[in-house]
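Visitor: Structure for this input, please:
(chains A, B and C)
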Amino acid sequence: MGQFLQFALNGLMSGAIYALIAVGLVSVFKATRVVNFAHGYLIMFGAYFYFTFAVLVPQAAWAPEWLQSWRPDWMVEMRADLPMFSPLAAVLDWMANLPRILLGLAGALICNALLGMLIERTLMRPLMGQSVFAMIMLTVGLISILSGTAQLIWTSDAAFVPALAPNTPIRFEMFGATIFLFGADLANMLIALAIFAGIVAMVRYTRSGVAIRATAEDQSTAYSMGISVPRVFSRAWVLASTTGAVAGAILATRNGVSPALGLFGFSVLAIVLMGGLDSYLGVFIAAMAVGVLEALTQWQLGGEWAGIVPYVAVLIVILIRPHGLLGSKEIERI
Amino acid sequence: MITGNLKASYAADERVLDNRWKQGFVLACAAGIAALAGFGNDYVILIACQMGIMLIAVTGVNVVIGYTGLMSLGHAAFVAIGAYAVVIFHNAAAGTIPAPLLTLLALPFAVTVAALIGIVVGLPSLRVKGLYLAVATLSANFIVIFLIEQDAFARWTGGMNGINTPTANLLGWDLDSRREQFLLIAALGFVSLLAAQNLFRTRVGRAFIAIRDRDYSAEILGISLYRYKLMSFAISAAYCGLAGALYAYFYARILPEQFGLDLSLMLVAAIIVGGMGRTMGAVFGVIVIVMVPEVIKVIFGGIAGGGAELAQIRAPVQSIAFGALIVLFLLFEPFGLTQIADRALRALNRWPFARG
Amino acid sequence: MLSVRDLYLSFGGIKALQGVSFDAAPGQITAIIGPNGAGKTSLFNAVSGFYRPERGQVIFDGEDIGALRPDRRAALGIARTFQNIALFRGMSVLDNIKLGAHTRLDAGVFDALLYFGRARAEELALRREIEERVIDFLELDLIRKAPVSALPYGLQKRVELGRALAMRPRLLLLDEPVAGMNREETADMARFILDVQEEFDTTILLVEHDMHLVMDICAHVVVLNFGQQIAAGPPEAVRRDAGVIEAYLGAAA
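Guide: Coordinates of the predicted model:
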């Protein structure tokens, strides 16, 4: 039971990150009817940008010293008296890294937003109104371009990047079992959930959210009602690439930075279809379910089996409910 | 007025090569292949063999994507199944079946197994299409490769480390040189193309195209969507299985990772570049997709004589070029190279009376 | 030939058909008329198998075909054209028409891959038949190799009729065959429909808004309004029916 809870909780934490990645896919789909097969590679770019601004830039000769490691006198004093594994020490270590973490996040957000806009403007917009097949295949071509470009720019191997939150171990009791977590993982989950909730609220309650929903409903009608459809498109792409940047930064701290991060996109694609392409709630449920299932599979069958859980799950769901758990079914008129 | 294309019988009008330009083109290709087998050097033969194997697989992908309009991003799985089926068949039957007959039996075995699994993988196509099908087939690809890698099956597949492959033997003739293998690949490649071309001038092929263009309208004409969608998947998987079988005979060793998503995308890219739903599309597409990395290799070799640093950036450049090919064709010539060839052929046909 | 018995069909709260019953006599042209949204196309979809009615029977040749999929119904000899043309846009006129003959051919996959032999003989016989019975008949000989997407609307409608004829249908459903056509094209189409009835001895069921066409060529008229059948009979009787005038033709007639 204790182990079950432990693994289920781990699953929920990775599920939240899946949800964060999925929110970008769903938003782009809602606005543009395109499913971005290269979304995972946008996330990989987010991870590399975070790595660049949080590790490479502070290491540069011209960077000020406090950027690399911010240690004012009071912090050194406090740190000196603390034992090795005290939570406060972890917090202080994190604060020392805070300048470069913030720089990394800001850099990743800005650069990824620009990348998203660039892709939308140069590649997706010329194909507006073309067949779904062409749009999807264009994003498939993008996979090779993005992964090749990343390998050209960042030749160095995977390196350690600072975690987004103090990485203190947390231990607590739950239903009589001892659960063990890392603070950074918990913080990652909270960040992911907060962003997810924020975007859902934005799409539901703000003007630009209404514009996205209207465009999703009927592009030409939205156009004629005075909604600038191209602007909706580019906003959706920026939304996807910035949430992708955060997800990339989180994945970089969990899994290290490597071109293999792009593969997360495919698992999340499976999750998104499972949940129902246009339903945030369905996708959220699917992301959490897959996260937990993966963790439990890892527990029972071993790590390598966890990798195919999303693919098996999506096949089963598609065969039973073709439009996902909560996706809306398009009615075909003859 | 277009001259020279007048026919006196329906049979003449139903021919595939209905004018002398097309006939001449095919004859020239046949002569070129024969010359290659005789005089090509080892490198040229190697490239030609790769093209031949790819051509068969891409023709299969064309059946399901180009003609039936069902998206698939998982056809590398069928290539894998064909390749592993040959290896497993050889290893299992080595003692019981005489060696000269092994290859003749292994090829149909591989094709049949691939076709059967094609039907299974095609099952989601009965419920979903487009994007959903793309993800379903992609998932199937991941799962097939995952199963091949498992230790539980390593006794037959070699697991992650791959497995050595047998040499083809046709009735006692050991195909142990590239040149001999090229003959087999070229012959089977030609037969595959011809069969695909035949398919699409009969009721079966027309039914596929009807499903692609308008599925409800196809059903109203008496075309069973269930039967024909699965049939399309089976045929295309069979083609890929044949390609996989030849792949196994051609290379000394096969690894599961060779049949991953990259290969699936390559097969689809070839058909986009060449032209979907056209027999010659597969031919043109394969030539480009195989040649582009080779050309980049030659250019890089020319710049620095193959310095270590340049070699490191060669792979990413090849990958970018590959992606750029897909993107550029989708943006500027969505019907692929066959469209360009059609324009050229029309101009030739009218020459010297009109241009364009 | 075709009997529809007490058909009920609804989508959510919308009652598309509420107890429609009629017979289409063999070799005759029967028209289904009614204002927009009266359920005419729904009725067609129920007959050809796209929609499953909740209640009622569709009897073709004395056999209840209510449980059959559309392709099985086609194999029995029910052909159809669509209100919004549903040709295969990637194919030539000839191939579109050949597709109509799908259920009458029997080459399998292996015949097809081989071509020479059975499939070739079948294809050549089909080509001859289509040229002589459909293309000549509908005067499509100049455009047989043209891609259908390049043809004007009226011709596309004619190709769709040709595709249905290639099936050698025993029952032909025509969904608004002259919608959007000018007077001349309408006259041509009317002539073709009458010729089909005469030469091929086909039972025809048609949905049409053009009252002149309906009154001129149909032997029997069924009137629907809001999914209900409000009248049925020969054109003259329907024209004078008070309920029809009230509901459909309005005060102006």
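Visitor: can you pull the buried residues of stretch B:104-118?
Guide: B:106-107, B:109-111, B:113-115, B:117-118 (16 or more other CB atoms under 10 Å in any protein chain shown). Placement of C-beta: from N, CA and C, glycine included.
Visitor: Report all helices and strands that whichever strand or helix holds A:L114 contacts.
Guide: Element membership of A:L114, judged by DSSP states H and E, is helix A:87-119. The contact analysis (3 or more CB pairs under 8 Å, 6 or more residues apart in numbering or on different chains; DSSP states H and E) places helix A:87-119 against helix A:39-51, helix A:57-59, helix A:65-68, helix A:73-80, helix A:229-255.
Visitor: Quick one: closest of the ones you listed to chain C.
Guide: Of all the helices and strands packed on helix A:87-119, helix A:229-255 sits nearest to chain C, with 25.4 Å by CB to the nearest CB.
Visitor: right, is that closest one up against chain B?
Guide: No - residues of helix A:229-255 are not located near chain B by CB under 8 Å from any CB of the partner chain, the shortest gap being 16.0 Å.
Visitor: center of chain C, which residue is that?
Guide: C:L173 (2.0 Å; CA atoms, centre = their mean).
Visitor: Quick check: phi and psi at that one.
Guide: Main-chain dihedrals, C:L173, degrees, to the nearest 10: phi -100, psi 120.
Visitor: Tell me the spacing between C:V109 and chain A.
Guide: Distance of C:V109 to chain A, computed by CB to the nearest CB, to the nearest Å: 25 Å.
Visitor: Filter the buried residues of stretch B:104-118 down to just the ones in helices.
Guide: Counting by DSSP state H, the part of those found in helices is B:106-107, B:109-111, B:113-115, B:117-118.
Visitor: Report the contact partners of B:K129.
Guide: Contact analysis of B:K129 by CB atoms under 8 Å, 6 or more residues apart in numbering or on different chains lists B:69-71.
Visitor: Using CSV, please lay out these together with pLDDT, neighbour count and distance to chain C.
Guide: Listed next are those as CSV, based on pLDDT from 0 to 100; neighbours: other CB atoms under 10 Å in any protein chain shown; distance: CB to the nearest CB, whole Å:
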residue, pLDDT, neighbour count, distance to chain C
B:G69, 91, 25, 9
B:L70, 92, 25, 15
B:M71, 89, 25, 16
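Visitor: now the residues you listed in JSON lines, with distance to A:S147 and secondary structure?
Guide: Below are the contacts of B:K129 laid out as JSON lines (distance: CB to CB, whole Å; DSSP: H, G, I helix; E, B strand; the rest coil):
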{"residue": "B:G69", "distance to A:S147": "28", "secondary structure": "coil"}
{"residue": "B:L70", "distance to A:S147": "27", "secondary structure": "coil"}
{"residue": "B:M71", "distance to A:S147": "21", "secondary structure": "coil"}
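Visitor: Against chain A, which of the residues you listed make the cut? List them.
Guide: Filtering the contacts of B:K129 for proximity to chain A by CB under 8 Å from any CB leaves B:M71.
Visitor: before we move on, back to that, report the two of the buried residues of stretch B:104-118 separated the most.
Guide: Using CB to CB, the buried residues of stretch B:104-118 span at most 18.1 Å, a distance reached by B:A106 and B:G118.
Visitor: that older thread, closest one to chain C out of the ones in helices among the buried residues of stretch B:104-118, please.
Guide: Nearest to chain C among these, with distances taken as CB to the nearest CB, is B:A115, at 10.1 Å.
Visitor: Which strand residues bridge the residue nearest to the centre of chain C?
Guide: Beta-bridge pairing for C:L173 (DSSP bridges): C:R80, C:L205.
Visitor: was I right about it contacting C:A74?
Guide: No - with contact defined as CB atoms under 8 Å, C:L173 does not count as touching C:A74 (10.9 Å).
Visitor: shared neighbours of these two, anything?
Guide: Among the neighbours of C:L173, those also in contact with C:A74 (CB under 8 Å, 6+ apart) are C:S48.
Visitor: that older thread, any chance of the ones in helices among the buried residues of stretch B:104-118 in CSV, with distance to chain A too?
Guide: Output for those, formatted as CSV (distance: CB to the nearest CB, whole Å):
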residue, distance to chain A
B:A106, 29
B:L107, 30
B:F109, 26
B:A110, 24
B:V111, 24
B:V113, 20
B:A114, 19
B:A115, 20
B:I117, 14
B:G118, 15
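Visitor: what about the residue in the stretch 101-250 of chain B that chain A sits nearest to, which helix or strand?
Guide: In the stretch 101-250 of chain B, no residue comes nearer to chain A than B:S139, which is 3.5 Å away by CB to the nearest CB. Secondary structure assignment for B:S139, by DSSP H and E: helix B:131-149.
Visitor: can you pull out the strands in the chain?
Guide: Reading this off chain A. A:169-174, A:177-182 (DSSP state E).
Visitor: Please refer instead to chain B.
Guide: B:163-164, B:169-170, B:173-174, B:253-254.
Visitor: is it possible to export the ones you listed to JSON lines including distance to chain C?
Guide: Shown next, in JSON lines, are the strands of chain B (distance: least, CB to the nearest CB, whole Å):
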{"stretch": "strand B:163-164", "distance to chain C": "31"}
{"stretch": "strand B:169-170", "distance to chain C": "22"}
{"stretch": "strand B:173-174", "distance to chain C": "26"}
{"stretch": "strand B:253-254", "distance to chain C": "27"}
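Visitor: Nearest to A:G265, out of those strands?
Guide: Nearest of the strands of chain B (CB to CB): strand B:253-254, 27.1 Å.
Visitor: Touching the closest one from outside, list them.
Guide: With CB under 8 Å, 6+ apart, strand B:253-254 has contacts from B:83-84, B:87, B:162-165, B:247-248.
Visitor: quick one: which of the residues you listed sit in helices?
Guide: Per DSSP H, these map to helices at B:83-84, B:87, B:247-248.
Visitor: ok, the closest residue to B:L267 other than its chain neighbours - contacts?
Guide: The shortest distance from B:L267 to any non-neighbouring residue, by CB to CB, 6 or more residues apart in numbering or on different chains, is to B:V61 (4.5 Å). Going by CB under 8 Å, 6+ apart, B:V61 touches B:72, B:75, B:236, B:239-240, B:267-268, B:270-271, B:282.
Visitor: same thing but at 6 Å, please
Guide: B:V61 is in contact with B:75, B:267, B:271, counting by CB atoms under 6 Å, 6 or more residues apart in numbering or on different chains.
Visitor: was I right about the second one contacting B:V58?
Guide: Yes - between B:L267 and B:V58 there is a contact under CB atoms under 6 Å: 5.5 Å.
Visitor: Enumerate every residue touching the residue lying closest to B:Y249 once chain neighbours are set aside.
Guide: Nearest residue to B:Y249, sequence neighbours excluded (CB to CB, 6+ apart): B:A168, at 4.2 Å. Taking CB under 6 Å, 6+ apart, we find B:A168 in contact with B:103, B:175, B:249.
Visitor: Least confident of these?
Guide: Ranked by pLDDT, the contacts of B:A168 bottom out at B:L175 (82).
Visitor: Could you find the closest non-adjacent residue to that residue?
Guide: Using CB to CB, 6+ apart, the closest residue to B:L175 is B:A168 (4.2 Å).
Visitor: Same check on A:L239?
Guide: Spatial nearest neighbour of A:L239, excluding adjacent residues (CB to CB, 6+ apart): A:S27 at 5.0 Å.
Visitor: How much space separates the one you found from chain C?
Guide: Applying CB to the nearest CB, the value for A:S27 to chain C is 29 Å.
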